[in-house]
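**Student:** Sequence first, then the predicted structure:
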Amino acid sequence: MDPKLHIQKKGEYMAIEKLHLPELLELGKLNEVLQSPGPCITLVLPPYHPGERAESGAAFLKASLQSIAQQFGERRVPKAVGMDLVAPLEHLAEDSGWSIGSHLGCVILRSPEVFCQFQLTQPVRPSLTVAGCFAIRRLLGECWAPRVFYILALSKESVSLFRCTASKAEAVELPERTPMTLEAAMEFEPPDHDLENRSASGASADARRRIRFGTGSGRETAHAHLADFYKLVDRGIHKLLHESEIPLLLAGVDEDLVAYRAVNTYRRLAKESLHGSPNLSSQEAETVMYARSLLRAEEREREAEALKEITDRTGPDRLLTDPHTIINAAFDGRVRQLYVNESAEVSDVFERGNYRTWGKEDLLNLSAVQTMLHRGGVFELSGNRMPSGAAAVAMLRY
């Protein structure tokens, strides 16, 4: 896939050439396109590998064109407007690049002012939405998932660090004087502790000459040396990442994972790990996507805990749970944070001011769009993490 991305503003197209795949979806880019008036078309296409039974992106896109035409008729979209909206999609469907396939899904956004395409790093189901705004509820995880993260593969024989973006993992050298093996660490620098005591030798206790003896079992000594090794690796991680907010994910067998966590001091170390040796040669994309899913799940858990704290400490006058009240507050710019139940659906016609829905649409999605346009935070959680199974919870600014 090698289309041009277009963002049309004030009647003019601005074309951006893409050399390979589209850009990743990010919060700033999404906020920009959300300002466009409708009708808005949102097409979500899953990853596709040639030879799979699943429908290719081109096939789904072509099938969607027929559905779009039907929905335009039902929503009374003027014929001229509809033809203008569909034209670039028809051209895109004929692009031979779709046959190559992709490890990542993508979303295509089309409105009278926008025609753009973004990569998706999370698993997605194919979907088509025609509404007064873009359908971004299922894309929220993309906005809060890490753009960049590191995988630290641990073993006594070798330590490797990989910088991960999209579906790629690039090997990164740790700073100088960071040992890559346990053997090198034992020769490289004395351990932080002294496992060798000293005793007086000869008849006098004041004798200057000493002899050495061990103080622990071989197993204890091995654990101590492993701890010292990983302390040095941890020191190298700090030098490289400089106390940044970039997540770090461990990979390895249980013994190494436990040993490293016991000495880790990097604040953004993920709770979950990749167990075993990550296959970053033949299954690079799959490994990176799975690693990102672990980090995203961790982020969702933090969001769920934040919601619990908000509901526990915030007075009822600053919290809303009725979807129709929430949507009006979102249009007024009063919603600071919005949490949406991923399984809830509230569909209705909503018109206010200059906004037109073009028929029934997802009001929770519209609330999310308006919250983001007014610089509020939006998160989607599973139903069992929502208080009393609410469809949505909004924390108000005032």
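**Tutor:** Thanks, I have it.

**Student:** List the residues that contact the closest residue to residue 280 other than its chain neighbours.
**Tutor:** Counting by CB to CB, 6 or more residues apart in numbering, residue 169 is the residue found nearest to residue 280 once chain neighbours are left out, at 4.9 Å. All C-beta atoms are positioned from the backbone trio N, CA, C, and that covers glycine. By CB atoms under 8 Å, 6 or more residues apart in numbering, residue 169 lies in contact with 151, 162, 163, 280, 284, 287, 288.

**Student:** Identify the bridge partners of the first one.
**Tutor:** Read it as residue 151. residue 162, residue 249 (DSSP bridges).

**Student:** Could you report the separation of it from residue 292?
**Tutor:** According to CB to CB, to the nearest Å, residue 151 stands 10 Å off from residue 292.

**Student:** which residues do those two both contact?
**Tutor:** Shared contacts of residue 151 and residue 292, counting by CB under 8 Å, 6+ apart, come down to residue 164.

**Student:** Now the helix or strand encompassing residue 231: average pLDDT?
**Tutor:** In the assignment (DSSP states H and E), residue 231 maps to helix 218-241. Helix 218-241 shows an average pLDDT of 87 in the prediction.

**Student:** What helices and strands are in contact with it?
**Tutor:** With contacts taken as 3 or more CB pairs under 8 Å, 6 or more residues apart in numbering; DSSP states H and E, helix 218-241 sits against strand 148-153, helix 182-188, helix 254-263.

**Student:** just checking, which of the ones you listed comes out with the lowest mean pLDDT?
**Tutor:** Among the helices and strands packed on helix 218-241, helix 182-188 scores lowest, with a mean of 81.

**Student:** Got the domain ranges for the chain?
**Tutor:** Listed domain ranges for the chain are 1-142, 148-298, 314-398 (source: automatic domain parsing).

**Student:** Any chance of those in JSON lines with distance to residue 306 as columns?
**Tutor:** As requested, the domains of the chain are exported to JSON lines (distance: least, CB to CB, whole Å):
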{"stretch": "domain 1-142", "distance to residue 306": "15"}
{"stretch": "domain 148-298", "distance to residue 306": "13"}
{"stretch": "domain 314-398", "distance to residue 306": "8"}
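
**Student:** quick one, which of those domains is nearest to residue 304?
**Tutor:** Each of those was scored for nearness to residue 304 using CB to CB, and the closest is domain 314-398 (4.1 Å).

**Student:** end to end, how far does the closest one reach?
**Tutor:** One end of domain 314-398 sits 12 Å from the other (CA to CA, to the nearest Å).

**Student:** Helices along this structure, start to end?
**Tutor:** For the chain, the helices defined by DSSP state H occupy 27-33, 57-74, 79-93, 140-144, 182-188, 218-241, 254-263, 284-313, 323-331, 363-373.

**Student:** ok, now which ones touch residue 270?
**Tutor:** 247, 248, 249, 250, 294, 295, 298.

**Student:** swap that for residue 108, please
**Tutor:** Applying CB under 8 Å, 6+ apart to residue 108 gives the contacts 41, 42, 43, 45, 61, 89, 92, 116, 117.

**Student:** Now tabulate the helices of the chain in TSV and tack on distance to residue 121 and mean neighbour count.
**Tutor:** Conversion of the helices of the chain to TSV gives the following (distance: least, CB to CB, whole Å; neighbours: other CB atoms under 10 Å):
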stretch	distance to residue 121	mean neighbour count
helix 27-33	14	15
helix 57-74	16	16
helix 79-93	21	15
helix 140-144	7	21
helix 182-188	34	15
helix 218-241	21	17
helix 254-263	24	16
helix 284-313	6	16
helix 323-331	27	20
helix 363-373	19	24
